[in-house]
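Novice: Next input, structure requested:
(one chain, ligands or ions: 1)
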Amino acid sequence: MSTNGIKGLLMDEPLIFEKSSEGRTGICPSEFDVPPADAKALIPQNLIRETIEGFPDVAEIDIARHYTRLSQWNFGLDTGFYPLGSCTMKYNPKVNETVARFPGFTMLHPYEPEEFTQGALELMYELETYLAEISGLDAVTLQPSAGAHGELCGLLMIAAYFKDKGRPRTKIIIPDTAHGTNPASSHLAGFKVVPVKSEGRGVLSVEAIRDVMDEDTAGLMLTNPNTIGLFERNIREIAKIVHKKGGFVYCDGANLNALMGIIKLGDLGVDVVQFNLHKTFSTPHGGGGPGSGPVGVKKILEPFLPIPRIKKSRKKYSLVYDSPKAIGRLKAFYGNFSIMVRAYSYIRRMGPDGLKKASETAILNANYIKEKLRDVFNLAYDQPCMHEAVFSDKNQTGYGVSTMDMAKRLIDYGYHPPTVYFPLVVHGAIMIEPTETETKETMDRFIEVMRKIAEEARENPQLLKDSPTKTKVGRVDETRAAREPVLRWRKK
Ligand SMILES: *Cc1c(COP(=O)(O)O)cnc(C)c1O
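Specialist: Below you'll find the model as predicted:
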């Protein structure tokens, strides 16, 4: 049984404060060759403090070791398989990182005059064009800095459209399978959420939408493929119903990794979509960002796109602020530019055929895992999936074993657990997204371990209840961690 190597020289590490020894210092600055100035004369009094309570006094080598050791406890895509569903944790080719670090990009200042930033503007303009092409939409803004931010942007544009028409609408329809950000963004944009249930096979029915769509509803917000990894196959007909009542179809594009080059959302009747560049288009997205959530729209919503827009006239690119119906700005300057560079580099490197192959392989890999595990884990929806497969713990609950126990046990075998307990519509969900970048051997080892865990659940459930055992910290009390967080170190 391959355990992916959890053993070895991983040092324990106290908090940096606990390594402190009063008066020790990491660096000794040279003698000044200029007369010292009085800080009190230069800095406003209210910003001056005599000491920093608890500030650690540590030698340089201890600082280096402290952070290096902590970094070695980290688990990332460059360390191992990371099958989180609904996140698209794919390997991000290093060439895109290299390009994003070109000094010509990193040394740019946002206030530099346009004649010096033509290259950056060209890159942004072309990225907009590529995203429009991939999604089948007419215009794109790169400004939002995450998927949820893009959702808000799209919804604000829809709201602005109806306000401009002099007939504001108040509601948005959202299926029960939606990612939590969808209702949250709708609420922030001032809409009331109308929930709809997906039918028995996990997708939206035409009837369900027909029943709730009316002329006070601004539109429908759906995800395709949806969050249970299934293609919303009634989308064309559903879009017709929404359009007939004057509404818009918003598609959460976080799962675009399953569609690139295969289908264009615009052709399916989608009017607005956000792209999660940090999921589909090659940006590491650990640690909370930065990300980028561009938004594409059909012509009818183009006047409402945030400012500035990038325009090309003859061979010159410029930023245009004159756009009377625009919803304004969502972000300082132009968005998270370095993420755009990675996405641009990724798209150029892959080309249309490469992007298509990525999506096809992502789908193939998810179905491979689904088929290899279906006899031991309950399949929430027994049908071909897109880029992710959703199981549940239904077959294991009889042994007193839950999804959480199996996820923790995976860590003992050296695998990052998949997404668990999401989507909420599947009780005890285990959501696996291998992505296109994993080899068959990696997936086979993961499958072997998952099957082993199913066997352990039958034969020795306590083993799972006690896991993880090979980590520095065992099972933590997650509820207490959330309710009574300890955010400040105090001297004992
Ligand atoms: C990740 C995700 C989002 C949110 O994107 P962020 O960049 O994390 O804000 C929204 N919807 C779905 C389906 C997602 O998977």
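Novice: buried stuff in stretch 87-96?
Specialist: Under the neighbour-count criterion of 16 or more other Cβ atoms under 10 Å, stretch 87-96 has 87-90, 92-93, 96 buried. (Each C-beta comes from the backbone N, C-alpha and C, glycine too.)
Novice: burial measure for the residue of the stretch 1-150 of the chain found nearest the ligand, as a count.
Specialist: Ranking the residues of the stretch 1-150 of the chain by distance to the ligand (Cβ to the nearest ligand atom) places Gly147 first, at 2.3 Å. Residues lying near Gly147 (other Cβ atoms under 10 Å) number 25.
Novice: pretty sure it contacts Asn276?
Specialist: Yes - with contacts counted by Cβ atoms under 8 Å, Gly147 reaches Asn276, the gap being 4.2 Å.
Novice: Please identify every residue contacting each of those two.
Specialist: Both Gly147 and Asn276 are contacted by 254, 291, 293, under the criterion Cβ atoms under 8 Å, 6 or more residues apart in numbering.
Novice: what's near enough to touch the second one?
Specialist: Shown in contact with Gly291 (Cβ under 8 Å, 6+ apart): 145-147, 276-278, 283, 285, 336, 339.
Novice: Which of the helices or strands spans it?
Specialist: Gly291 is part of no helix or strand, with elements assigned from DSSP states H and E.
Novice: next one: phi and psi at the closest residue to it other than its chain neighbours?
Specialist: Using Cβ to Cβ, 6 or more residues apart in numbering and skipping residues adjacent in sequence, the residue nearest Gly291 is His278, 3.8 Å away. For His278, the backbone dihedrals (degrees, to the nearest 10) come out as phi -80, psi 0.
Novice: Please report how far His278 lies from Pro294.
Specialist: From His278 over to Pro294 the distance is 11 Å, taken as Cβ to Cβ, to the nearest Å.
Novice: about what we covered before: now, among the shared contacts of Gly147 and Asn276, which is nearest to the ligand?
Specialist: Of those, the one sitting nearest to the ligand (Cβ to the nearest ligand atom) turns out to be Ala254, at 3.2 Å.
Novice: Can you read off the pLDDT for the nearest residue to the closest one once chain neighbours are set aside?
Specialist: For Ala254, ignoring the flanking residues on the chain, the nearest one in space by Cβ to Cβ, 6+ apart is Asn276 at 4.7 Å. Note for Asn276: predicted pLDDT of 96.
Novice: Okay, strands next: where are they in the stretch 201-350 of the chain?
Specialist: 217-223, 248-253, 272-275, 295-297, 309-313, 316-320 (DSSP state E, counting those that start in this stretch).
Novice: Which of those sits closest to Ser30?
Specialist: Distance to Ser30, taken as Cβ to Cβ, is lowest for strand 316-320 among the strands of the stretch 201-350 of the chain, at 45.1 Å.
Novice: who touches that closest one?
Specialist: 114, 118, 121-122, 125, 307-311, 334.
Novice: Please apply the same query to stretch 117-134.
Specialist: Contacts for stretch 117-134 (Cβ under 8 Å, 6+ apart): 104-105, 108, 114, 137-142, 256, 260-261, 264, 275, 294, 296, 310, 312, 316-319, 334, 337, 340-341, 343-344, 347, 355.
Novice: which parts of that stretch are buried?
Specialist: Buried-residue list, stretch 117-134, by 16+ other Cβ under 10 Å: 117, 120-128, 130-132, 134.
Novice: Quick check: residues of this protein near the ligand?
Specialist: 86, 146-148, 179, 181, 223, 227, 252, 254-255, 276, 291, 293 (Cβ under 6 Å from any ligand atom).
Novice: pLDDT below threshold where in the protein?
Specialist: Across the chain, the ranges flagged by pLDDT under 70 are 1-10, 286-289, 491-492.
Novice: what domains does the record give for it?
Specialist: Dividing the chain into domains by automatic domain parsing, as the record does, gives the ranges 16-73, 95-349, 358-474.
Novice: For the ones you listed, please prepare a markdown table with the additional fields distance to Tyr82.
Specialist: Listed next are the domains of the chain as a markdown table, based on distance: least, Cβ to Cβ, whole Å:
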| stretch | distance to Tyr82 |
| --- | --- |
| domain 16-73 | 15 |
| domain 95-349 | 9 |
| domain 358-474 | 5 |
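Novice: And Lys356, how far from Met350?
Specialist: From Lys356 over to Met350 the distance is 9 Å, taken as Cβ to Cβ.
Novice: quick one: which of the two has more around it?
Specialist: Between Lys356 and Met350, counted using other Cβ under 10 Å, Met350 has the larger neighbour count: 18 against 15.
Novice: winner for burial among the strands of the stretch 201-350 of the chain?
Specialist: Burial of the strands of the stretch 201-350 of the chain is given as mean neighbour count (mean count of other Cβ atoms under 10 Å); strand 295-297 ranks first at a mean of 30.
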